[in-house]
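**Student:** No sequence on hand, only this structure:
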């Protein structure tokens with residue numbers, strides 16, 4: 001007899017632009033440089049605020065059936081965040097969990113040119129992964145990641161997976177992997193000053209797991225992103241200003257910037273270990289192959 005597949009829903013959205021023109025106030029007040037890292041799970045909250053070095057926040061909560069991890073980090077020109085949640089087969093009616101994290105920086109840039117544009121490429125790398133095995137009551141899983149500059153969304157992706165009454169079926173999806181692209185930002189400035197702020201956020205969650213073979217795992221991994229690369233200054237005609245200088249309140253060299261990603265050598269953040277644990281759980285669950293109904 002064929003397996004019965006009552007309902008499967010997957011909802012996702014993704015947006016990424018290759019170039020952004022961001023407006024700024026004509027007379028921006030100088031901001032004190034600020035780094036912020038935030039991490040939260042159902043049983044933990046960690047916040048780190050710094051002004052000159054780096055900020056790091058981390059949360060890890062675990063029980064015999066559910067684990068959640070969140071990590072946020074920030075340095076000037078280089079921010080990242082990651083989350084993961086794993087809900088294991090248990091049959092105990094264990095509630096699920098959630099994880100939220102972010103990394104952000106704000107800074108004031110002073111240019112050797114009075115009016116013009118700051119053109120900076122930003123390297124963004126990460127992935128969203130979501131998996132559900134729910135042969136009984138159904139499990140809802142959610143995962144999301146986003147990146148914004150000066151309040152403008154540069155990248156946003158989110159996915160929800162809901163499985164109801166799926167017999168012997170495993171669902172797994174990687175929504176976005178590899179390099180999400182190098183986005184070129186063009187920010188206008190006047191009076192030689194520009195305030196800039198950037199933030200990466202991630203979210204992961206698994207709903208209540210009740211059946212003896214139910215499994216949910218989610219991961220939003222943008223821990224290596226985003227990186228502000230070597231930049232340049234343009235005049236209002238769009239011409240590159242040779243030998244232009246940028247001085248920042250933080251002391252970070254935005255002309256030199258941060259090195260781009262080496263895709264083959266991306267480190268595994270702490271939150272990813274929960275995802276590895278999920279694979280271990282999978283090896284203990286006997287699953288029949290999914291067959292399409294006809």
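**Tutor:** Thanks, I have it. Note that the structure is a prediction, hence the values are computed from the model and not measured.
**Student:** give me the low-pLDDT residue ranges for the stretch 51-200 of the chain?
**Tutor:** For the stretch 51-200 of the chain, the stretches with pLDDT under 70 are 89-95, 133-139, 161-181.
**Student:** how about the strands in it?
**Tutor:** Ranges of strands within the stretch 51-200 of the chain are 55-62, 66-75, 78-87, 97-111, 116-125, 127-133, 139-149, 152-166, 170-176, 179-189, 193-206, based on DSSP state E, counting those that start in this stretch.
**Student:** ranking the ones you listed by burial, who's on top?
**Tutor:** Using mean count of other CB atoms under 10 Å, the stretch among the strands of the stretch 51-200 of the chain with the greatest mean number of neighbours is strand 78-87 (a mean of 31). Every C-beta, even on glycine, is put in place using the N, C-alpha and C of the backbone.
**Student:** and the angle from that strand to strand 193-206?
**Tutor:** 10 degrees (axes from the mean of the first three to the mean of the last three CA atoms, to 10 degrees).
**Student:** Identify the residues contacting the closest residue to residue 201 other than its chain neighbours.
**Tutor:** Distance criterion CB to CB, 6 or more residues apart in numbering; nearest residue to residue 201, sequence neighbours excluded, is residue 102 at 4.3 Å. Residue 102 makes contact with 36-38, 72, 81, 199-202, according to CB atoms under 8 Å, 6 or more residues apart in numbering.
**Student:** let's see it at 6 Å
**Tutor:** Applying CB atoms under 6 Å, 6 or more residues apart in numbering to residue 102 gives the contacts 38, 72, 81, 199, 201.
**Student:** in the sheet, who's paired with the third one?
**Tutor:** With DSSP bridges applied, the residues forming beta bridges to residue 81 are residue 72, residue 222.
**Student:** re the thing from before, for residue 47, find the nearest of the strands of the stretch 51-200 of the chain.
**Tutor:** Using CB to CB as the measure, strand 55-62 is the one of the strands of the stretch 51-200 of the chain that comes nearest residue 47, at 6.0 Å.
**Student:** In the sheet, which strands lie alongside that closest one, parallel or antiparallel?
**Tutor:** strand 66-75 (antiparallel).
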